[in-house]
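Visitor: give me coordinates for this.
(one chain, ligands or ions: 1)
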Amino acid sequence: MPFKALSLFPLKGSHLVLYYHRVGESGAEFYPDGIQSAELLQAVQGFQELGFRFCSLSEAYQKAGSDRELSISLTSDDGLASNHDIVLLIAKKLGIPLTLFVIGKCLDNQALAWNHKLIQIRRHSTEIELQSELVKLSSSFQISAEGSLRQKLFSVTDSKKDELSDLLWEIFCPETQSEFLQRTQPFLSAAQMQDLQDNGAEFALHSCSHADFSRLSYPQMLAELKHNQADLADYIRQPSPFFAFPYGRECSRKLIPKLCHDAKLKAALGFRFRISDNRRQSALWQRIPLENGDVLSLEQLLLRPTARLLRAR
Ligand SMILES: [Zn+2]
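Guide: Numbering: from 1, shown residues only. The predicted structure is shown next:
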């Protein structure tokens with residue numbers, strides 16, 4: 001821990017929420033961002049040594065602002081299989097609960113969400129090839145002519161994103177999506193979800209299709225959450241009343257309390273954590289990433305969140 005000697009006073013009473021996607025040495029071809037298992041273990045143990053107590057999001061929300069202990073939650077997005085194969089062992093060893101934000105359509109490896117399709121499409125194509133296909137498809141999908149490849153791909157409306165990614169998959173990828181899913185099993189299976197649940201993990205929402213909520217209408221947002229809840233009900237006893245915005249892209253902050261109320265959620269989570277966040281029973285909570293080689297730097301934990309708080313004043 002680089003900041004062991006520092007006073008952690010600014011963090012007291014401000015519940016921290018960490019998140020990651022993939023853990024371990026394998027699976028990078030499916031999801032390039034990730035954290036090594038040794039890094040995760042070191043991070044969790046480091047927080048425990050500093051006096052942080054790990055608790056589930058449900059418990060943290062109930063207690064928010066009511067005590068001054070150092071508390072923290074470990075969460076993961078997209079429901080990748082490494083949560084079972086690797087993280088569960090670490091969680092059991094250290095006695096920490098997990099909160100997993102899962103994508104409705106991907107449960108039990110039934111389908112790929114469009115962000116995962118794009119990763120495979122980009123692995124099997126060059127930027128020039130992809131750009132040239134986007135030019136051909138631009139009028140049918142209203143693809144922006146300006147910006148980077150990513151900006152062009154993300155310019156497609158939400159309702160067309162799967163159609164576009166399916167088309168590009170057909171053009172560039174060597175096997176069908178079901179063959180790919182069958183072979184690689186990237187997401188948690190029904191049995192793995194059951195085992196995680198039996199070992200204290202809670203499951204929460206990450207939308208049905210990994211949608212960008214900054215670009216959806218209110219009815220589309222609500223539909224994404226309700227479908228996600230219905231899909232989850234097939235696999236687990238009781239979804240946890242939390243939702244993590246895919247890509248961390250929040251909808252208008254004014255809409256968040258209404259969205260949470262209408263979808264029977266306690267809070268929605270973004271990833272622009274500021275010192276002072278997550279203290280009261282607010283409908284918007286924020287998280288800190290535990291990946292991209294940026295694990296637990298002083299900047300991540302104190303400096304950047306403090307700067308965000310000062311800017312917001
Ligand atoms: Zn995600």
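
Visitor: residue numbers of the chain in contact with the ion?
Guide: Asp77, Asp78, Pro246 (CB under 5 Å from the ion). Using the backbone N, CA and C atoms, a C-beta is placed for each residue, glycine as well.

Visitor: export those to JSON lines and tack on secondary structure, distance to Phe101 and pLDDT?
Guide: Listed next are those as JSON lines, based on DSSP: H, G, I helix; E, B strand; the rest coil; distance: CB to CB, whole Å; pLDDT from 0 to 100:
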{"residue": "Asp77", "secondary structure": "strand", "distance to Phe101": "5", "pLDDT": "97"}
{"residue": "Asp78", "secondary structure": "coil", "distance to Phe101": "7", "pLDDT": "97"}
{"residue": "Pro246", "secondary structure": "helix", "distance to Phe101": "9", "pLDDT": "96"}
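
Visitor: send the alpha carbons of stretch 226-241 over as CSV?
Guide: Included here for stretch 226-241 are C-alpha records, laid out as CSV according to Å, rounded to 0.1, in the frame of the first residue of the first chain:
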residue,chain,number,x,y,z
LYS,A,226,-37.3,-4.7,-16.2
HIS,A,227,-36.0,-7.2,-18.8
ASN,A,228,-32.8,-7.6,-16.8
GLN,A,229,-34.8,-8.3,-13.6
ALA,A,230,-37.0,-10.8,-15.4
ASP,A,231,-34.0,-12.6,-17.0
LEU,A,232,-32.2,-12.8,-13.6
ALA,A,233,-35.3,-14.2,-11.9
ASP,A,234,-34.8,-17.4,-13.9
TYR,A,235,-31.5,-18.0,-12.2
ILE,A,236,-31.4,-16.5,-8.8
ARG,A,237,-33.7,-16.1,-5.8
GLN,A,238,-33.8,-12.3,-5.4
PRO,A,239,-31.9,-9.8,-7.6
SER,A,240,-30.2,-7.1,-5.5
PRO,A,241,-31.8,-3.6,-6.0
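
Visitor: who wins for neighbours among the residues of the chain next to the ion?
Guide: Asp77 (26 neighbours; other CB atoms under 10 Å).

Visitor: my read: that residue touches His206, true?
Guide: Yes: look at Asp77 against His206 with CB atoms under 8 Å: they come within range, at 5.8 Å.

Visitor: what do the two both touch?
Guide: Phe101, Ala244, Pro246 (CB atoms under 8 Å, 6 or more residues apart in numbering).

Visitor: can you tell me which of these is closest to Ser144?
Guide: Pro246 (20.0 Å; CB to CB).

Visitor: who touches stretch 155-168?
Guide: Residues contacting stretch 155-168 (CB under 8 Å, 6+ apart): 114, 117-118, 121, 125, 130, 133, 137, 141-144, 147, 153, 177, 209, 211-212, 215-216, 220.

Visitor: for the residue in the stretch 51-200 of the chain that the ion sits nearest to, what are its contacts?
Guide: Nearest residue of the stretch 51-200 of the chain to the ion: Asp77, at 4.1 Å (CB to the ion). Applying CB under 8 Å, 6+ apart, we find Asp77 in contact with Tyr19, Tyr20, His21, Phe101, His206, Ala244, Pro246.

Visitor: from these, which two are the most distant?
Guide: For these, and using CB to CB, no pair is farther apart than Tyr20 and Pro246, which are 15.1 Å apart.

Visitor: and Tyr31, that one's in a strand?
Guide: No: assessed with DSSP: H, G, I helix; E, B strand; the rest coil, Tyr31 is coil; it does not lie in a strand.

Visitor: and the closest residue in space to it that isn't next to it in sequence, how far is that from Thr306?
Guide: Nearest in space to Tyr31, with sequence neighbours left out and distances taken as CB to CB, 6 or more residues apart in numbering, is Arg22 at 4.5 Å. The spacing between Arg22 and Thr306, counted by CB to CB, to the nearest Å, is 29 Å.
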